[in-house]
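Asker: Sequence and predicted model, in that order:
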Amino acid sequence: QSALTQPASVSGSPGQSITISCTGTSSDVGSYNLVSWYQQNPGKAPRLLIFEVTKRPSGVSNRFSGSKSGNTASLTISGLQTKDEADYYCCSYAGSTSSFVLFGGGTKVTVL
Amino acid sequence: VYLVQSGAEVKKPGESLKISCQSSGYSFTDYWIAWVRQKPGQGLEWVGIVYLADSDARYSPSFQGQVTMSADKSITTAYLQWSSLKASDTALYYCARRETGKYYFDSWGQGTLVTVSS
């Protein structure tokens, strides 16, 4: 099963909003509200940002928000800050008969 | 919540290896431990998941037969092992916690770098 599709890079200026897309299929993203997003800073482990499409764990800024339409999930970062420069990965449940979980290829966010 | 992984390893092709992930600070019966691979400069790949309480393991089709996951509940530790390493196994391997019935990873280990080179 193929990885979920994310843009390789997205950039924005401080204070702007950016959106990262994550496209799957009707067998994964489209079938389940079980998309999560992770932020990974260089040399660090990933950190959970969003789970179950729209929910934020405690401690995660409300500048991060998630949504889904059809087979595509999205992560929006509003009020972009220099500390948001990192790699971002989406992840979706893919069903118990397949590979259970698929990750996206990752998106590098650059703050201009 | 703590997930503490074993240290970096340097091995030769064909050698065996077992890396570990010790968990603490939560009830292990409510959670599974996943393994995630990250090759140098690349993205995350789900290897599989193991239940600490009974060692029930599920593998990504891409990794089935290539690695073995196990667990020792007496020391709340999960393991990922190879019987014959290849150069292509060179990567950073993370363990991460997943609550039963949920499909996201809310806590991650620091990663174990595995280097396979002749």
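Answerer: Sure, I can see it.
Asker: and chain A, which residues reach chain B?
Answerer: A:1, A:3, A:32, A:34, A:36, A:38, A:40, A:45-48, A:51-52, A:57, A:89, A:91-93, A:98-106 (Cβ under 8 Å from any Cβ of the partner chain). For glycine as for every other residue, the C-beta is placed from the backbone atoms N, C-alpha and C.
Asker: now these: which count as buried?
Answerer: By neighbour count, with 16 or more other Cβ atoms under 10 Å in any protein chain shown, the residues of chain A next to chain B hold A:1, A:3, A:32, A:34, A:36, A:38, A:40, A:45-48, A:51-52, A:89, A:91-93, A:99-106 as buried.
Asker: returning to what we had before: mind checking which of the residues of chain A next to chain B land in strands?
Answerer: Counted as lying in strands by DSSP state E, out of those, are A:36, A:38, A:40, A:47-48, A:89, A:91-93, A:100-103.
Asker: Reformat those as CSV; add pLDDT and distance to A:Leu75.
Answerer: Below are those laid out as CSV (pLDDT from 0 to 100; distance: Cβ to Cβ, whole Å):
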residue, pLDDT, distance to A:Leu75
A:Ser36, 98, 10
A:Tyr38, 98, 10
A:Gln40, 98, 13
A:Arg47, 97, 13
A:Leu48, 98, 12
A:Tyr89, 98, 10
A:Cys91, 97, 11
A:Ser92, 96, 13
A:Tyr93, 94, 17
A:Phe100, 85, 21
A:Val101, 91, 17
A:Leu102, 93, 16
A:Phe103, 95, 14
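Asker: What parts of chain B come near chain A?
Answerer: Close to chain A, as judged by Cβ under 8 Å from any Cβ, chain B has residues B:34, B:36, B:43-46, B:49, B:58, B:60-62, B:94, B:96, B:102-111.
Asker: how does it look with 6 Å?
Answerer: With the criterion set to Cβ under 6 Å from any Cβ of the partner chain, chain B comes near chain A through B:Gly43, B:Leu44, B:Trp46, B:Ser60, B:Pro61, B:Tyr94, B:Tyr103, B:Tyr104, B:Asp106, B:Trp108, B:Gln110, B:Gly111.
Asker: which of those has the most neighbours?
Answerer: Neighbour counts for these peak at B:Leu44, which has 26 neighbours (criterion: other Cβ atoms under 10 Å in any protein chain shown).
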